[in-house]
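A.B. asks: Return atomic coordinates for the entry below.
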Amino acid sequence: MKIPLRPSRLIVRRQTVKWIILHHTAELYSAPESKIDNAKYQMPGLFNGVLEQKTADINYHYVIDKIKEDYVPVVCRPFIYLCEWSDIHDDINKRAIHVSLMGDYDFKVAEKRLYEILAFRVLNPFMKMFHISPNKIKFHNEVSSDKKLTCPGDFLDKEVVISMVRRFVIK
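C.D. replies: Residues are numbered from 1 along each chain as shown. Reported below is the predicted structural model:
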């Protein structure tokens with residue numbers, strides 16, 4: 001079955017990128033089983049949302065998922081298009097790239113390899129391309145108007161993200 005893309009429904013970015021916002025996919029699912037079995041519940045849920053709920057696209061630019069033995073960044077939305085997050089102020093949201101980690105990091109601890117892939121394959125290229133410093137990497141809960149939000153999870157360590165970004169600086 002061919003996936004119908006609907007780029008005409010997406011809002012085009014009109015400003016340069018200044019922020020990178022990190023999420024986890026657990027914020028989209030209330031079912032407890034989705035916190036345990038990402039492959040079975042979450043990735044199909046992301047794609048089914050596009051098909052069944054008739055959404056224009058997945059609301060992240062990248063999702064990083066563990067496929068077989070390693071983590072792989074999956075492009076979900078070209079970064080020319082905005083992601084729409086009503087809880088993030090437009091001044092940040094319209095200038096942000098949204099990256100999500102597959103799973104629930106309120107429930108599980110991120111592996112070192114996930115941090116490496118996130119920094120080397122996703123964050124550093126965008127930081128180089130848009131001249132973004134590490135202090136412009138934010139967690140969703142830091143920029144959200146919802147103060148109860150824990151996204152991208154209590155077990156994702158921002159200091160580790162920043163140290164990995166600094167380790168893999170692209171010159």
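
A.B. asks: From here on, just use CA atoms for contacts and neighbour counts.
C.D. replies: OK.

A.B. asks: Give me the next element, helix or strand, following the helix or strand hosting Asn141.
C.D. replies: Assigned by DSSP states H and E, Asn141 belongs to helix 140-143. Sequence order places helix 158-167 as the next helix or strand after helix 140-143, per DSSP H and E.

A.B. asks: re earlier: which elements pack onto the helix holding Asn141?
C.D. replies: strand 19-24 (3 or more CA pairs under 8 Å, 6 or more residues apart in numbering; DSSP states H and E).

A.B. asks: Can you show me the strands along this protein?
C.D. replies: Taking DSSP state E to define them, one finds strands in the chain at 19-24, 62-67, 70-75, 96-101, 137-139.

A.B. asks: Output the fourth one as PDB, nothing but the C-alphas.
C.D. replies: This means strand 96-101. Output of strand 96-101 as PDB, limited to C-alpha atoms (Å, rounded to 0.1, in the frame of the first residue of the first chain):
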ATOM      1  CA  ALA A  96      12.700  24.400  16.100                       C
ATOM      2  CA  ILE A  97      13.600  21.000  14.800                       C
ATOM      3  CA  HIS A  98      11.800  18.300  16.700                       C
ATOM      4  CA  VAL A  99      13.600  15.000  17.400                       C
ATOM      5  CA  SER A 100      11.900  12.100  19.200                       C
ATOM      6  CA  LEU A 101      13.400   9.000  20.900                       C
END
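
A.B. asks: Give the rounded mean pLDDT of that strand.
C.D. replies: What strand 96-101 shows for mean pLDDT is 94.

A.B. asks: Alright, calling it a day.
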